[in-house]
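>>> Provided below are the primary sequence and the corresponding predicted coordinates.
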Amino acid sequence: MHAQGQDGLLSTWRSSLRSRGLWAYGLALVLVAFYIDLYWFDHFQPLAEALGLRSKWFLYGALYSVAMVGGGLRYLRLHGNSRYNRWRIGVNVGVQVLLAFALPFVMPLLGGVEFYPSYFWPLKWDLLLPDTLWQLPLYLAVYALVGSLLLSPVLAFLIGKRWYCSWICGCGGLANTFGDPWRHLTASSTRSWRFEKVAVHSVLVLVVLMTAIVSLKSTLSPSLPAFAGFADQTKQIYGFLIGSVLAGVVGTGLYPLLGPRVWCRNFCPMAAMLGLAQKVGRFWIRVKPDMCISCGNCTAYCEMGIDVRAYAQTNRSFTRASCVGCGMCAHVCPRGVLKLENGAPVGLRTD
């Protein structure tokens with residue numbers, strides 16, 4: 001059964017840790033407490049310094065990398081018979097360890113600046129601020145601009161947001177690996193879909209406005225001192241509510257209760273931007289007609305809460321802005337009904 005990728009659901013609901021049982025609530029409590037302490041206290045700073053790390057955030061990066069490596073090995077043990085899964089998880093873990101942890105740590109030691117090449121605007125919302133760009137070497141400033149405003153949306157249009165959300169992003173990477181045991185907990189109701197569409201695009205609009213407001217701060221603050229205070233307050237509110245509470249405490253701390261993609265699905269501005277490009281782009285999921293047996297594996301394993309079975313039952317190929325192209329729906333289908341494709345045909349369903 002491991003070789004087919006079908007065995008996960010047989011034991012899922014017997015496990016307290018994976019079915020919102022007592023162990024799941026206990027683990028969620030531990031994770032939430034960890035993120036609260038990490039974001040708003042400094043208890044981890046002495047341990048970071050004792051380990052030779054510059055700050056508690058590098059300690060977090062190390063723990064994050066360990067969680068992804070461990071989760072990735074578990075995932076590949078279950079689903080590594082798929083070449084797509086092997087490459088996807090291997091690249092994702094490698095990017096986290098090398099580009100999101102090791103390289104930013106080493107660069108200042110070699111006389112450079114601390115830079116995270118795997119994060120782009122609007123996920124790293126301050127990357128395109130004038131003050132940020134001026135502090136970067138020219139090649140990194142160009143990389144930040146081109147990567148955020150050109151490369152990211154173009155790739156999403158051509159091959160889907162999967163290139164980032166399932167192959168590069170650290171947030172998605174933790175969900176892909178450490179969070180995989182809880183992928184079936186993601187809500188797939190119409191109500192949750194409606195909330196997702198409003199919430200994630202609202203955050204994207206907020207990031208665009210905030211980037212513009214903070215960028216204008218240095219220009220308008222001499223003549224409008226109150227504007228500088230407003231810009232700083234806006235930045236602080238966003239950092240607290242979006243960057244800490246929703247991305248960390250809720251988005252990761254509640255994996256065992258809400259599934260691993262709460263942040264990615266409902267609040268990530270990068271996912272929202274790439275999803276808009278994907279929806280009008282070339283990525284789609286092809287449904288082979290008259291083959292679905294309504295087993296429900298595809299919907300159960302979708303970490304983004306897409307009711308894939310509803311499309312397969314009615315022979316509708318489709319694209320969805322929220323789909324991260326993890327390929328699990330196709331992987332767990334016992335009849336090979338689903339396939340990830342590029343080059344969407346005319347008349348494709350784009351709900």
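Yep, that arrived. In this text the structure is predicted, and so the values were computed from the model without any measurement.
>>> C-alpha only now, for contacts and for neighbours.
OK.
>>> what's the spacing between Gly253 and Trp263?
Remark: distance between Gly253 and Trp263 (CA to CA, to the nearest Å) = 11 Å.
>>> Kindly report the same for Phe34.
Using CA to CA, we find Phe34 at a distance of 17 Å from Trp263.
>>> out of those two, which sits in the busier spot?
With neighbours defined as other CA atoms under 10 Å, Phe34 and Trp263 compare such that Trp263 has more, 23 against 15.
>>> correct me, but the more buried one touches Ala247?
Yes - judged on CA atoms under 8 Å, Trp263 makes contact with Ala247 at a distance of 5.6 Å.
>>> Burial check on Tyr39, number of neighbours?
Using other CA under 10 Å, Tyr39 has 16 neighbouring residues.
>>> typed the wrong thing, it's His43
11.
>>> swap in Asp351?
Counted with other CA under 10 Å, residues neighbouring Asp351 total 8.
>>> show me what contacts the residue lying farthest from the centre of the chain?
Distance to the chain centre peaks in the chain at Ser223, reaching 40.1 Å (criterion: CA atoms, centre = their mean). Applying CA atoms under 8 Å, 6 or more residues apart in numbering to Ser223 gives no contacts.
>>> Quick one: classify it as helix, strand or coil.
coil (DSSP: H, G, I helix; E, B strand; the rest coil).
>>> Got the confidence number for it?
Note on Ser223: pLDDT of 70.
>>> Please apply the same query to Ser152.
pLDDT recorded at Ser152 is 97.
>>> buried stuff in stretch 168-178?
Residues Ile168, Cys169, Gly170, Cys171, Gly172, Gly173, Leu174, Ala175, Asn176, Thr177, Phe178 are the ones in stretch 168-178 that count as buried (16 or more other CA atoms under 10 Å).
>>> I'd like to know which of the residues you listed are part of strands.
Among the buried residues of stretch 168-178, no member falls in strands (DSSP state E).
>>> for the residues you listed, which one is nearest Ser294?
Closest approach to Ser294 among the buried residues of stretch 168-178 (CA to CA): Asn176, at 25.0 Å.
>>> In this structure that closest one contacts Ser166, no?
Yes - the pair Asn176 and Ser166 passes the contact test of CA under 8 Å, sitting 7.2 Å apart.
>>> Now stretch 233-250: buried residues?
Of all the residues in stretch 233-250, those buried under the rule 16+ other CA under 10 Å are Thr234, Lys235, Tyr238, Ile242, Gly243, Ser244, Val245, Leu246, Ala247, Gly248, Val249, Val250.
>>> So what touches it?
By CA under 8 Å, 6+ apart, the residues outside stretch 233-250 that reach it are Leu31, Val32, Tyr35, Ile36, Tyr39, Met210, Val214, Gly251, Val262, Trp263, Phe267, Cys268.
>>> rerun that using 7 Å as the cut-off
Residues from elsewhere that reach stretch 233-250, judged by CA atoms under 7 Å, 6 or more residues apart in numbering: Val32, Tyr35, Ile36, Tyr39, Met210, Trp263.
>>> Now the two most distant members of those residues.
Top of the distance list for the contacts of stretch 233-250 (CA to CA): Val32 and Met210, 27.3 Å.
>>> low-scoring stretches of this protein, by residue?
1-11, 13, 221-222, 344-350 (pLDDT under 70).
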